[in-house]
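Asker: Sharing a model prediction with you, sequence too.
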Amino acid sequence: MKKTIFILLFVSVFLKNAGQEDLSVLNFWTYNGDWSNVLFQSIRFNATEQMKARWTYVGGLTTRSDWEKRQATIKRLMAEIVGEFPAKTPLNPVITGTVKKEGYTVEKLYFESRPGFYVTAALFLPTAKKGKMPAILYCSGHYQNAFRSPSYQKTILNLVKKGFVVLAFDPIGQGERLEYFGADGTVDASIGAVDQHTFPGLQSFITGLSPVQYFIWDGIRAVDYLISRKEVDPARIGITGQSGGGTQTAYIAAMDERIVAAAPECYITTFDKLFRSFGTGDPEQNMMYAIKKGIDQSDLLAVRAPKPALIVATTRDIASIQGTRDVYHENKKAYAVLGFPDNLQLSEDDAVHECTTKNRESIVAFFQKHLNHPGDPKEMEVELLNDLELRITPTGLVQKSLKGETLFSLNIKKTDETLKKRESDKPKDADFSHDIALKAKSLIGYNDPALSQESIFSGRLWRNACAIEKYLIKGTGHYYIPVLRLTTNNTHGKTVLLLDDRGKASAASKGGLAEQLALQGYQVIVPDLSGYGELSRPKNDIGFSIQDVPLYIWCAGLLTHKSPLAVRVEEIKRVTDFIKTLDGSGALTGLAFGTLTPVLLHAAVINNDFNQLALVDPLYAYESIVRERDYRMKFVMSTPDGVIGKYDLPDLIAALSPVKILMINPVNALDKPVDKAVFDHTYSDVKNKYGDSPHWTVVLNEQDVYFRLLQWLK
């Protein structure tokens, strides 16, 4: 009976949809996998292979010498990843006010971690204690008001009431260091810490510097300020913080040997468990190529062993508790071999991502023991301070009261330095496009995919004289690329590969460009590359996502040196190999729209499969992303990290000369038409390379894009 009902339902649905045109391919292959997440899965599988090498190596460390060599390796790799710190310049601290409370006072202050880069902070000083006291650097998580958050204040005030000096500072983009505001210039609660970190953080990565350097350096300079105070014992410095503050705690402690005891809270886990659950965090929580280089979060503790460390965790945290335990057990071996097994501790509480009373008491007890300041760790009731009491600058915002540098402005300087160095290092007679394919391959993490003959014909439908065939083509991982092939009986042997960032269903819609091309005799191949169309995630996807751009995927590519751009270029290679197997496939034209134009350019340069290219609404240069403060995030997914100074989109086009290329309506990173003078200046080398050849054509402000394309193709 149940079987009969199922069959009737199936037939009913089939008959209901029989008269409708369905351009999807994957809906037929119901049990073939998670189609919506193939891009991340491709990168994750690559990450797993990289992590296996680390697991094997670290698992074989058994002696003191083994672990000391490992620590030296971690230090070297982290120095490479983070980059050279700037020279220490005067802190120029300014105390803006004092708040007196029962048992302690608060000095409100700011200092310059770099010239003109202001760090707002509050120094909590016990009033009953005399002489040199132990001190704690407190790092805040992603609350917009930073250390003023009630849960953070409970930790800070309990520490100060138990005799610790505490310096709590605002991270970049939080508290009084907001860098992005609403349209009217006021604080916009919707622009949270993740956004504040992400917008300038991605620009920093594109320029080639991990933004974590700025956060670590703020912490190192905060320690400089702490030990400059007469009340502080420089031999008894601790650090703690929760969530994003746990991130800062782990990184700063790993790179500042003056810190004796570290207690990162609700952060430490493994990349393996993180990739299988929540995904990566925002930019300052990721180090460029960390996984590729064999670095995991566990190494942030291992590098400072056997100095005291307390891993503070909750069992239902967004950071996998199993990963936390894995880190603890791995490092316990190191601490044991190095002679201090009890210096590593783990505090767990059964809670979500939050500061709990049990964990706060564990933190206090840890510092009391390891900073030689015994006492009762039991939590005390404290009276919280309000945001006004803890206001440091007159307006409560550095950018309004003090102006100064921002992450964006510092990155502009870094960009200028990088581009100036590129010009000075380039011989006058050099062709910068020489070996550009090798440069691009290396930078994006491209690997030539093995030749695959596997394709699955999945049906055909007719639209008047146009046949639309459906195929699955084996992707570069454990997935398939859905492809449409449009032809008529009057094909002339020329093929167009059409990449539309709105998805293949849009490109192949009734009366759309794909159909028009097919009716003019072209064989048209329209795939959905990973992250687009049928291979995209729903708009209500969970996790960090800004402007519908899955940030966690880009950051995963960054950690593994396998960018989303590389995955898509490899997919194009698979599609062009498939095209070569089809009857009547001759000269191949590549046609791309919007965010897929850089992908097509890379594919053309790396594999040389195209006779001509047409680019519609292309980003004119990667440099535009780092120079536009309010750039559109969608462009980042097709941008390699560290590309500034290596090459730019005009270099790819110059390298393709004399391939015939059409650009229609190039845009800047604001997704607005590029200024003609700016475009002409940026593309001067391309113009010189093509000379008087008609093979390079640029059309600005074209209204009828399809007409222009069809005319150009004739």
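Answerer: Happy to help now that I have it. Numbering: from 1, shown residues only.

Asker: Scan this protein for its longest helix.
Answerer: Longest helix in the chain by number of residues, with DSSP state H as the criterion: helix 38-59.

Asker: What residues sit buried inside it?
Answerer: Buried residues in helix 38-59, counted by 16 or more other CB atoms under 10 Å: 38-44, 46-48, 50-51, 54-55, 58. Quick note: C-beta positions are derived from backbone N, CA and C, even for glycine.

Asker: Tell me which two of those sit farthest apart.
Answerer: The span of those, defined through CB to CB, is set by Val38 and Val58 at 30.1 Å.

Asker: List the buried residues of stretch 198-208.
Answerer: Buried residues in stretch 198-208, counting neighbours by 16+ other CB under 10 Å, are found at Thr198, Phe199, Pro200, Gly201, Leu202, Gln203, Ser204, Phe205, Ile206, Thr207, Gly208.

Asker: which residues of the stretch 151-300 of the chain score low on pLDDT?
Answerer: Within the stretch 151-300 of the chain, no stretch has pLDDT under 70.

Asker: All the strands of it, in order from the start?
Answerer: In the stretch 151-300 of the chain, the segments counted as strands under DSSP state E, counting those that start in this stretch are 165-169, 232-242, 261-265.

Asker: so what does the longest one touch, helix or strand wise?
Answerer: What that stands for is strand 232-242. Applying 3 or more CB pairs under 8 Å, 6 or more residues apart in numbering; DSSP states H and E, one finds that strand 232-242 contacts strand 133-139, helix 150-161, helix 212-228, helix 244-255, strand 261-265, helix 357-370.

Asker: quick one: the residue positioned nearest the centre of the chain from Gly244, how far?
Answerer: In the chain, the centroid-proximal residue (CA atoms, centre = their mean) is Cys555; its distance is 2.9 Å. To Gly244, Cys555 is 14 Å away according to CB to CB, to the nearest Å.

Asker: cool, Ile481 as well?
Answerer: Taking CB to CB, one finds Ile481 at 37 Å from Gly244.

Asker: one step back: generate JSON lines for the strands of the stretch 151-300 of the chain, with mean neighbour count and distance to His353 as supplementary columns.
Answerer: Formatted as JSON lines, the strands of the stretch 151-300 of the chain follow (neighbours: other CB atoms under 10 Å; distance: least, CB to CB, whole Å):
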{"stretch": "strand 165-169", "mean neighbour count": "27", "distance to His353": "20"}
{"stretch": "strand 232-242", "mean neighbour count": "23", "distance to His353": "9"}
{"stretch": "strand 261-265", "mean neighbour count": "28", "distance to His353": "10"}
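
Asker: pretty sure Ala614 is touching Ile664, no?
Answerer: Yes: using CB atoms under 8 Å, Ala614 is in contact with Ile664, at 7.2 Å.

Asker: joint contacts of the two?
Answerer: Common contacts of Ala614 and Ile664, defined by CB atoms under 8 Å, 6 or more residues apart in numbering, comprise Leu709.

Asker: between those two, who's got more neighbours?
Answerer: Higher neighbour count among Ala614 and Ile664: Ala614, with 25 against 20, using other CB atoms under 10 Å.

Asker: can you pull the contacts of that one?
Answerer: Thr589, Gly590, Leu591, Ala592, Ile661, Leu662, Ile664, Leu709, Trp712, Leu713.

Asker: Kindly report the same for Asn411.
Answerer: Residues near Asn411 by CB under 8 Å, 6+ apart: Pro200, Gln203, Ser204, Thr207, Leu209, Val626.

Asker: Which ones among those lie within helices?
Answerer: Among the contacts of Asn411, DSSP H puts Pro200, Gln203, Ser204, Thr207, Val626 in helices.

Asker: Pretty sure the fourth one sits against Ile625.
Answerer: Looking back up the chat, that one is Thr207. No: counting by CB under 8 Å, Thr207 does not reach Ile625; the two are 9.6 Å apart.

Asker: For Val89, grab phi and psi.
Answerer: No, residue 89 isn't Val; it's Thr. Thr89 adopts backbone torsions of phi -110, psi 170, taken as degrees, to the nearest 10.

Asker: Figure out the helix or strand that the residue nearest to the centre of the chain lives in.
Answerer: helix 551-560 (DSSP states H and E).

Asker: when you compare where that helix runs with where helix 38-59 runs, what's the angle?
Answerer: 40 degrees (axes from the mean of the first three to the mean of the last three CA atoms, to 10 degrees).

Asker: For the helix or strand just after helix 551-560, name the packing helices and strands.
Answerer: Sequence order places helix 564-580 as the next helix or strand after helix 551-560, per DSSP H and E. Packing partners of helix 564-580 (3+ CB pairs under 8 Å, 6+ apart): helix 38-59, helix 436-444, strand 466-474, strand 480-487, strand 495-499, strand 523-527, helix 551-560, helix 597-607.

Asker: ok, residues contacting the helix or strand that helix 564-580 is followed by?
Answerer: Next helix or strand after helix 564-580 toward the C-terminus (DSSP H and E): strand 588-593. Contacting residues not belonging to strand 588-593 are listed as 494-502, 507, 522, 576, 579, 599-600, 603-604, 609-618, 709, 713 [CB under 8 Å, 6+ apart].

Asker: and the nearest residue to Glu571 once chain neighbours are set aside, what is it in contact with?
Answerer: Nearest-residue entry for Glu571: Leu529, 5.1 Å, with adjacent residues in sequence omitted and distances by CB to CB, 6 or more residues apart in numbering. Leu529 makes contacts with Ile481, Leu499, Leu535, Arg568, Glu571, Ile572, Leu596, Val599, as judged by CB under 8 Å, 6+ apart.

Asker: tell me which of these is nearest to Ile252?
Answerer: Arg568 (36.2 Å).

Asker: Retrieve the pLDDT associated with that closest one.
Answerer: Note for Arg568: predicted pLDDT of 97.

Asker: right, and it touches Pro527 too?
Answerer: No: the pair Arg568 and Pro527 does not pass the contact test of CB under 8 Å, sitting 10.0 Å apart.

Asker: So the spatially closest residue to Cys139 that is not a sequence neighbour versus Lys400, what's the distance?
Answerer: What sits nearest to Cys139 in space, not counting adjacent residues and going by CB to CB, 6+ apart, is Gly241, at 3.0 Å. According to CB to CB, Gly241 and Lys400 sit 26 Å apart.

Asker: Next: Tyr690.
Answerer: Distance, Tyr690 to Lys400, using CB to CB: 49 Å.

Asker: Who has more neighbours out of these two?
Answerer: Using other CB under 10 Å as the criterion, Tyr690 and Lys400 rank with Tyr690 on top: 21 against 16.

Asker: Run through the residues that contact the closest residue to that one other than its chain neighbours.
Answerer: Excluding the flanking residues, the one nearest Tyr690 by CB to CB, 6+ apart is Trp696, at 4.1 Å. Residues in contact with Trp696 (CB under 8 Å, 6+ apart) are Ile653, Ser657, Lys660, Ile661, Val686, Lys687, Tyr690.

Asker: Among those residues, pick out the one closest to Asp282, please.
Answerer: Distances from Asp282 to the contacts of Trp696, taken by CB to CB, are shortest for Ile653, at 32.7 Å.

Asker: Quick check: closest non-adjacent residue to that closest one.
Answerer: Using CB to CB, 6+ apart, the closest residue to Ile653 is Val686 (5.2 Å).

Asker: Likewise for Asn489?
Answerer: Ala465 (7.2 Å).

Asker: This completes my enquiry, with thanks.
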